[in-house]
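Engineer: When you get a sec, could you give me coordinates for this:
(one chain, ligands or ions: 2)
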Amino acid sequence: MTNVPTKRLNSGADMPVIGLGVWQVADDVAADAVVTAIEAGYTSIDTAAVYRNERGVGEGIRRSGAEREKLFVTTKVWNDSQGYDTTLQAFDKSLGRLGLDYVDLYLIHWPAASRGLYLDTWKALEKLKAEGRARSIGVSNFHIPHLKRLFESSDVRPALNQIELHPGLQQAELRAFHAANDIATEAWSPLQRGAVDRSEIVAIAAKHGRTPAQVILRWHVQLGNIAIPKSVTPSRIRENIAVFDFELDDADMAAIAKLDAGVRTGPNPDTFA
Ligand SMILES: NC(=O)C1=CN([C@@H]2O[C@H](COP(=O)(O)OP(=O)(O)OC[C@H]3O[C@@H](n4cnc5c(N)ncnc54)[C@H](OP(=O)(O)O)[C@@H]3O)[C@@H](O)[C@H]2O)C=CC1
Ligand SMILES: O=C1CO[C@H](CO)[C@@H](O)[C@@H]1O
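Structural biologist: Ligands and ions are numbered 1, 2, ... in the order given. Modelled structure (predicted):
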């Protein structure tokens, strides 16, 4: 069983640097994947109201027999629930589906700036944090101007920003802004949705006797990112956290840096509503 190192968030919480993502996974499959992951050593699970599998995640947590305090559960408020009261209601529903009495991290899923509600939504997250029902609060898919507006309206900084980040979209400017403002960077689609077979990555993997996915996840870890690879395949779930017993050298890191193409696989946060 692998022990996953943690990163200290500005909330004081320690978050595992690798967790399990479960987007596009149905309830029953999510429950099995969560059990497999926890048995392998994962303690962090990333879901969202819009994934429609919070029930399955909760079921997997209970079936695993893991102590609640040892786990780190993240969920997110979806765009159509943004607003102060509606976010509080959405949070209660998420907790109910998960069957938990708190989450470790609650995120605003997208700024959805055209709705004009993310500052009100943040106020609701602040209340949930003050009540201890969301131990840490953060955002997802925020760009620098969205973060700056948040800073102007609130003293509570997001613990992290969960953004699309992989070798094809390395987000140097946003990562530097996070680092300067004590906000952790969390990578979604850390494996570029399974596109792990670039020849450059394959060559580095062969050099270390590892898989391409392990090389990419190790790259995230060495950059200081938190990553949430999704897999429903038990062998891959195990493979994706077995990345703490080898190291990429400077030449490997430089070769991966060259793969940055600035290309998104998902929507643009400036326009997605
Ligand atoms: N905040 C946001 O807006 C977003 C958040 N997310 C979060 O990030 C998580 C991860 O992102 P996601 O888009 O799912 O993509 P990932 O980059 O995690 O890639 C997942 C794909 O890679 C495959 N895969 C997993 N491990 C391996 C491996 N070791 N070798 C080869 N292939 C592998 C999976 O297949 P298989 O399952 O069949 O093994 C799946 O097809 C999501 O599940 C979700 O929790 C994702 C998108 C947006
Ligand atoms: O996390 C995510 C995955 O599912 C959503 C709906 O398709 C995405 O937009 C979102 O960012």
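Engineer: residue boundaries of the helices in the stretch 1-150 of the chain?
Structural biologist: For the stretch 1-150 of the chain, the helices defined by DSSP state H, counting those that start in this stretch cover 27-40, 54-64, 84-98, 118-130, 144-153.
Engineer: how about those helices, which one is nearest ligand 1?
Structural biologist: Set against ligand 1 and scored by CB to the nearest ligand atom, those come closest in helix 27-40, at 8.1 Å. All C-beta spots, glycine's among them, are computed from the backbone N, C-alpha and C.
Engineer: What are the contacting residues of that closest one?
Structural biologist: Residues from elsewhere that reach helix 27-40 (CB atoms under 8 Å, 6 or more residues apart in numbering): 1-2, 20, 22, 25, 45, 47, 52-53, 55-57, 59-61, 63-64, 66, 71, 231-232, 234, 237-238, 241.
Engineer: hmm, try it at 6 Å
Structural biologist: Applying CB atoms under 6 Å, 6 or more residues apart in numbering, the external contacts of helix 27-40 come out as 20, 22, 45, 53, 55-57, 59-60, 63-64, 66, 232, 234, 237-238.
Engineer: ok so, going back, how about a markdown table for the helices of the stretch 1-150 of the chain, with mean neighbour count and mean pLDDT added?
Structural biologist: As requested, the helices of the stretch 1-150 of the chain are exported to a markdown table (neighbours: other CB atoms under 10 Å; pLDDT from 0 to 100):
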| stretch | mean neighbour count | mean pLDDT |
| --- | --- | --- |
| helix 27-40 | 21 | 98 |
| helix 54-64 | 21 | 98 |
| helix 84-98 | 18 | 98 |
| helix 118-130 | 19 | 98 |
| helix 144-153 | 15 | 98 |
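Engineer: so which of those gets nearest residue 215?
Structural biologist: Among the helices of the stretch 1-150 of the chain, helix 27-40 comes nearest to residue 215, with 19.0 Å by CB to CB.
Engineer: For the closest one, C-alpha coordinates in CSV please.
Structural biologist: Listed next in CSV are the C-alpha coordinates belonging to helix 27-40 (Å, rounded to 0.1, in the frame of the first residue of the first chain):
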residue,chain,number,x,y,z
ASP,A,27,-22.6,5.6,-9.1
ASP,A,28,-22.0,1.8,-8.9
VAL,A,29,-18.6,2.0,-10.7
ALA,A,30,-17.6,5.0,-8.6
ALA,A,31,-18.3,3.0,-5.4
ASP,A,32,-16.0,0.2,-6.6
ALA,A,33,-13.3,2.5,-7.8
VAL,A,34,-13.3,4.4,-4.4
VAL,A,35,-13.0,1.1,-2.5
THR,A,36,-10.1,-0.1,-4.8
ALA,A,37,-8.4,3.3,-4.4
ILE,A,38,-8.7,3.5,-0.6
GLU,A,39,-7.3,-0.1,-0.4
ALA,A,40,-4.4,1.0,-2.5
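Engineer: quick one, that helix and helix 54-64 angle?
Structural biologist: Going by axes from the mean of the first three to the mean of the last three CA atoms, to 10 degrees, helix 27-40 is angled at 40 degrees with respect to helix 54-64.
Engineer: does ligand 1 sit close to helix 27-40?
Structural biologist: No. Shown here: helix 27-40 not in contact with ligand 1 (CB under 6 Å from any ligand atom), separated by at least 8.1 Å.
Engineer: ok now that helix, how far from the chain's centre?
Structural biologist: Helix 27-40 sits 17 Å away from the centroid of its parent chain (CA atoms, centre = their mean, to the nearest Å).
Engineer: And the residue of the chain found nearest ligand 1, how far from ligand 2?
Structural biologist: Minimum separation of the chain from ligand 1 (CB to the nearest ligand atom) falls at residue 21, amounting to 2.5 Å. Using CB to the nearest ligand atom, to the nearest Å, residue 21 is found at 9 Å from ligand 2.
Engineer: State the phi and psi torsions of the nearest residue to that residue once chain neighbours are set aside.
Structural biologist: Using CB to CB, 6 or more residues apart in numbering and skipping residues adjacent in sequence, the residue nearest residue 21 is residue 230, 3.5 Å away. Taking degrees, to the nearest 10, you get phi -100, psi 130 for the backbone angles of residue 230.
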